[in-house]
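**Student:** could you look at this predicted model? Sequence included:
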Amino acid sequence: MGSSINEARTKQILVLVGVALLLFFPILDSNRYHLNLTILIALYAINAMALNILLGVAGQISLCQSVFYGMGAYVSGILNVHLRLDFLFCFAAAIVAAGLLAFLIGLTAIRFKGHYLAMVTLVIVVIFIEIVREWYGLTGGPDGFPGIGKPRIGPFVFDTEIRYYYLVYSLTLILIFFGHNLVQGRTGRALTAVRQDETLSYTFGVNPTAYKLKVFVLSGLFGGLSGSLYAHYSSFIGSEDFSLHVSITMLCMIVIGGLRTGVWGGFLGAALLTLLPEWLGALIKW
Amino acid sequence: MHKHLMKLGGAEMKKRVVILLTFILVGLIAFIQTALAAETWRIGAIISTTGHYAPLGTAERQAMISLSAKINGQGGILGRKLEVLYEDDEGIPAKSAFLAKKLIYQEKVIGILGPSVTACAMAAAAVCEEAGISMVFMTPTKEVVGGKKYIFHVTPGSDLDAIFISRFIENKLKAKTVAILHGPSQYDMSVARLVTQEVKKNPKLELIASEKWSQDDKDMTPYLLNIRAKKPQALVIGGSAFGPAVAIRNIRDLKMDIPIICTSGTAQQEFLDLAGEAANGVYVTSRLQYGNPLPEEKDIFETIQREYKVLPSSFHANGWDALLVMAEVIKRGNGDPKSIRDALENLKNFKGAIGTYNMSPTDHNGLTTECVVMLQIKNRMWAVAD
Amino acid sequence: MSDLLQYLISGLTIGAIYAIVALGFHIIFKATEIFNFAQGTFVVFGGLLAYSLVVNAKIHFAVALVLVVVMGLVAGRFLEIIIRKPLLSGAHLIIIIATIAIGIILENAYLLIWSKEYVPFPPFTAGDPIPLFGAIVPRQSLWVIGLTVLVLVLVKLFFKYTLSGRAMQAAANNPMAARSVGINVELMIIYSLAMSTALAFVGGMMIAPITFAGGPAGPGLTVKGFVAGILGGIGNSNAVILGGLLFGLMESVVGGMISSGLKEAITFTFLLIIFGFKPMGLFVRAREGH
């Protein structure tokens, strides 16, 4: 009993240290390239966390996370550039749109399991990318979509790397907290039941279909949120940013970070997969 | 199950945290590396050498490697050697922007060459413009410049190809109705769009059919049938090597008798290899005058053939000219990023392999249709069209 | 009218390849409950190997065909070795990622080994296409359709009449019972992977004259072959083959008659709708045998 209290305490301290590091990082190191790296880690981590819940806890293999990421990015960007709407509105719309798309896709997807589900979600990516590339007038087609504005809340513009860092990380931390609670609580247990044995979960009063749909929509919401943040950060998005390759990368992040570690695996995996190639490259140059 | 979760929280978690901390430590050490011998001109090159556009990127890189070796062999620029840092963006725009930031803020380059794909160029351009570092990219899309001050390109806009082709159809082929067949990739779709625009602008020409093949289509027959039904007098194919080769073989199979014009993306050896006999008689726009190279092209022909045993393609020419231009403006601007930019904007009458550059504040490319030449394939080899 | 016939001919030709890929998926799935996400890449690889044999080593087509089959069997054996551990522990995600990774590595290897993206492959028999009611039938199309039929018939005969074939079926249908009558289930799994890969290689060789050997078509072929298989109904070899042919025809007709721009999007959306109604496949009534 004593050891588990110690474990919990260690975890809490680690979390506090981690949060402190994150808070003070830009002050210690304001190199734009480094900040860029950490921002990208956070954006990918949000998606990886969603996959942690969707796949790690609920057992649903999804290869279409990049589609939700892309949906959020394009909706936010298009509303901002074509309709000149404010960032907050675009941001909210992007999240809703991605969630809606996830709902629609989910209606079909939940009928499938395992490899079948993987393939269905793969097909979704193919369809999404082709539509994006064909719709030149709306999305810029294969040439990409430039000119997306920086985020603004009232008069405050997030136009420097540091400001963006804090924006992204505060949202990420909120999502980590939310996700962690979800996994530890009733929903998490219900999703685990669904993963382990769908038929049996009925006996626990868990409707697997409803839960699968919900968690699918959740992955859509996370994707849409991070997608919108990405679009406004980068000011330019292209169809290749949301390809199957990106989905697979996100999956690898949770495999490497830890499939069943709640939401932490996603964050860790995102950090490793983003930083590792950079460090190896730097080491090789030495 | 509860115990399972707890255990993961404990031992597993600790192991992963230790790994992460180790990496952070190692990474910090690696980041504190000092830049090597600072007595070189450092420029970055963001090229897509893997991914869908790998053949393009590889050719561009080959040309740059050869030319930079040649420049350094002749003493470098103003006595200092040129150091090119090559990065691969895999054709992903997010990566291009990322690499641009890395090259500028970490490696402190004074100029950037590439990217080689339009979407990637757009992404990187935003970064370079903000940082005040000149970028000479290699895609035929003017929109990437979009009024920016630091962004230039050596590849002529596909609109030049489009203008040239539309004039050629009208004057040389004396045809009135045109059909377009193109592929799904960035270049294919952009050049098809521009040719469509040009043809529509020309009152003497009429566009009567437009078809697109999909990524890995093995067989273009369905699209060709649609085109054949409308009976066009000329067919423009927008693609690289693979697509047009398949299409042209299908066209010969179907015994369609129609003049075929390909765009400059097809002016590469691979197309000749794949299309074989079927390619005879096909027209292709090009930057380089195969069969009869111009004086300013002799260098690239000789170098590429000697070092890589192939004829230079338009992509070799892209990489070559990008480096050539950058080297020239580094000299004129004495390595200062702002002066480099000014030198670029004021580059006049500068002869590269692709053509003669006359840049200005409103024209960051500097090429005209003068750089386009129409080739015709005879006996499976390039020849200038009559 | 002749246009429609032409679409059908194109559709059947590519459909035959999808059928072979789908059959490969089916055989592995029956034995192991997994899918090889590198199946399409193997097809392309087979084409390239055939190129080396026929063009570089100047071996006769027929001999090359046999060699390609043998190489496919060997490759499948290697595949089994690589995925044996996650296979036994049932970690589906690992296998998916592993086979995807194999596919990626293989694709990057092409450029290194053959130093070109695509290589031209001579047709099995030379000659002009054969006219048929206003449409044309390329000779290679006949080869593809003919060989596919031959391969399929051989496979079915193998499963029905040979001891190994029946043993494989038994092992797939009920591993526990199969073991109890002395069948080496692990060996049957190896056989399944070997056969499936050999099928892929042969398909690659057949299609190479039409599409050129090499290229990044692998993943596309994997997706389409798989989707075609599900369309028909994985679990029944006839259904899977029909699914492949149907998918090829759909693609060709949609591309030719509806829109070439959105061909893939439309075809796949169609398919997803069909899946919504019949997730087990169009040509399957209930869980049947091979």
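**Tutor:** Nice, I can see it.

**Student:** residues from the stretch 101-250 of chain C in reach of chain A?
**Tutor:** Residues of the stretch 101-250 of chain C that fall close to chain A, judged by Cβ under 8 Å from any Cβ of the partner chain: C:P219, C:V223, C:F226, C:V227, C:I230. Any C-beta I mention is one placed from the backbone N, CA and C, and that applies to glycine too.

**Student:** tell me who's in contact with the residue nearest to the spatial centre of chain C.
**Tutor:** Residue closest to the mean C-alpha point of chain C, counted by Cα atoms, centre = their mean, is C:V21 at 1.4 Å. Shown in contact with C:V21 (Cβ atoms under 8 Å, 6 or more residues apart in numbering or on different chains): C:39-40, C:43, C:199-200, C:203, C:221-222, C:224-226, C:228-229, C:244.

**Student:** how about a markdown table for these, with distance to B:P259 added?
**Tutor:** Below are the contacts of C:V21 laid out as a markdown table (distance: Cβ to Cβ, whole Å):
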| residue | distance to B:P259 |
| --- | --- |
| C:Q39 | 41 |
| C:G40 | 36 |
| C:V43 | 36 |
| C:L199 | 43 |
| C:A200 | 40 |
| C:G203 | 36 |
| C:L221 | 34 |
| C:T222 | 38 |
| C:K224 | 34 |
| C:G225 | 38 |
| C:F226 | 41 |
| C:A228 | 38 |
| C:G229 | 43 |
| C:G244 | 38 |
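
**Student:** let's see which of these end up in helices.
**Tutor:** In this view, the contacts of C:V21 that belong to helices under DSSP state H are C:39-40, C:43, C:199-200, C:203, C:221-222, C:224-226, C:228-229, C:244.

**Student:** show me the helices in the stretch 51-200 of chain A, by range?
**Tutor:** Ranges of helices in the stretch 51-200 of chain A, per DSSP state H, counting those that start in this stretch, are A:65-82, A:87-109, A:114-134, A:136-139, A:161-184, A:186-196, A:198-203.

**Student:** the closest residue to B:N72 other than its chain neighbours in helix, strand or coil?
**Tutor:** Spatial nearest neighbour of B:N72, chain neighbours left out: B:K81 (4.8 Å); criterion: Cβ to Cβ, 6 or more residues apart in numbering or on different chains. What DSSP: H, G, I helix; E, B strand; the rest coil gives for B:K81 is strand.

**Student:** retrieve the pLDDT associated with the residue lying farthest from the centre of chain C.
**Tutor:** Most distant residue from the mean C-alpha position of chain C: C:S180, 32.4 Å away (Cα atoms, centre = their mean). Per-residue confidence (pLDDT) for C:S180: 86.

**Student:** could I get the phi/psi values of it?
**Tutor:** phi -70, psi -20 (degrees, to the nearest 10).

**Student:** just to revisit the earlier point, which one of the helices of the stretch 51-200 of chain A has the most crowded surroundings?
**Tutor:** Highest mean neighbour count of the helices of the stretch 51-200 of chain A: helix A:65-82, a mean of 27 (counted as mean count of other Cβ atoms under 10 Å in any protein chain shown).

**Student:** got the angle for that helix vs helix A:114-134?
**Tutor:** 20 degrees (axes from the mean of the first three to the mean of the last three Cα atoms, to 10 degrees).

**Student:** which helices and strands does helix A:65-82 pack with?
**Tutor:** helix A:32-51, helix A:87-109, helix A:114-134, helix A:136-139, helix A:208-234, helix A:244-257 (3 or more Cβ pairs under 8 Å, 6 or more residues apart in numbering or on different chains; DSSP states H and E).

**Student:** for these, which one sits closest to C:I274?
**Tutor:** For C:I274, the closest of those is helix A:87-109, at 10.4 Å, according to Cβ to Cβ.

**Student:** secondary structure element holding C:G146?
**Tutor:** C:G146 belongs to helix C:139-161 when assigned by DSSP states H and E.

**Student:** that helix and chain B in contact?
**Tutor:** No: using Cβ under 8 Å from any Cβ, we find that helix C:139-161 stays clear of chain B, coming within 8.9 Å at best.

**Student:** ok, now which ones touch C:V137?
**Tutor:** By Cβ under 8 Å, 6+ apart, C:V137 lies in contact with C:I9, C:P129, C:I130, C:P131.

**Student:** quick check: closest non-adjacent residue to it.
**Tutor:** C:I130 (4.7 Å).

**Student:** same check on A:S226?
**Tutor:** That would be A:I46: by Cβ to Cβ, 6+ apart, it lies 4.0 Å from A:S226.

**Student:** what pLDDT does the one you found get?
**Tutor:** 95.

**Student:** ok, back up a step: in CSV, list the contacts of C:V21 along with neighbour count and distance to B:Q305.
**Tutor:** Converted to CSV, those look like this (neighbours: other Cβ atoms under 10 Å in any protein chain shown; distance: Cβ to Cβ, whole Å):
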residue, neighbour count, distance to B:Q305
C:Q39, 29, 40
C:G40, 29, 37
C:V43, 29, 35
C:L199, 30, 43
C:A200, 33, 39
C:G203, 33, 38
C:L221, 25, 36
C:T222, 29, 39
C:K224, 29, 40
C:G225, 28, 42
C:F226, 30, 45
C:A228, 28, 46
C:G229, 30, 48
C:G244, 30, 46
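
**Student:** would you reformat the residues you listed as CSV and include pLDDT?
**Tutor:** Shown next, in CSV, are these (pLDDT from 0 to 100):
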residue, pLDDT
C:Q39, 90
C:G40, 89
C:V43, 91
C:L199, 90
C:A200, 91
C:G203, 88
C:L221, 85
C:T222, 86
C:K224, 86
C:G225, 86
C:F226, 83
C:A228, 85
C:G229, 83
C:G244, 90
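
**Student:** domain ranges for chain B?
**Tutor:** B:40-156+B:296-368, B:159-286 (automatic domain parsing).

**Student:** dump those to CSV, plus distance to C:L272 and mean pLDDT.
**Tutor:** Formatted as CSV, the domains of chain B follow (distance: least, Cβ to Cβ, whole Å; pLDDT from 0 to 100):
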stretch, distance to C:L272, mean pLDDT
domain B:40-156+B:296-368, 25, 90
domain B:159-286, 18, 89
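
**Student:** need the ones you listed in TSV (columns: distance to A:L107).
**Tutor:** Shown next, in TSV, are the domains of chain B (distance: least, Cβ to Cβ, whole Å):
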stretch	distance to A:L107
domain B:40-156+B:296-368	30
domain B:159-286	27
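
**Student:** count of neighbours near the residue lying closest to C:K160 once chain neighbours are set aside?
**Tutor:** What sits nearest to C:K160 in space, not counting adjacent residues and going by Cβ to Cβ, 6+ apart, is C:R166, at 7.5 Å. For C:R166, the count of nearby residues is 15 (other Cβ atoms under 10 Å in any protein chain shown).

**Student:** ok, now B:Y290?
**Tutor:** Neighbours of B:Y290 (other Cβ under 10 Å): 21.

**Student:** now tell me what touches the helix or strand harbouring B:R341 from outside.
**Tutor:** B:R341 is part of helix B:337-345, with elements assigned from DSSP H and E. For helix B:337-345, the external contacting residues (Cβ under 8 Å, 6+ apart) are B:110-111, B:132-134, B:136, B:149-150, B:152, B:325, B:328-330, B:332-333, B:359-361, B:364.

**Student:** circling back: what about the residue nearest to C:V137, neighbour count?
**Tutor:** C:I130 has 12 neighbours, counted by other Cβ under 10 Å.
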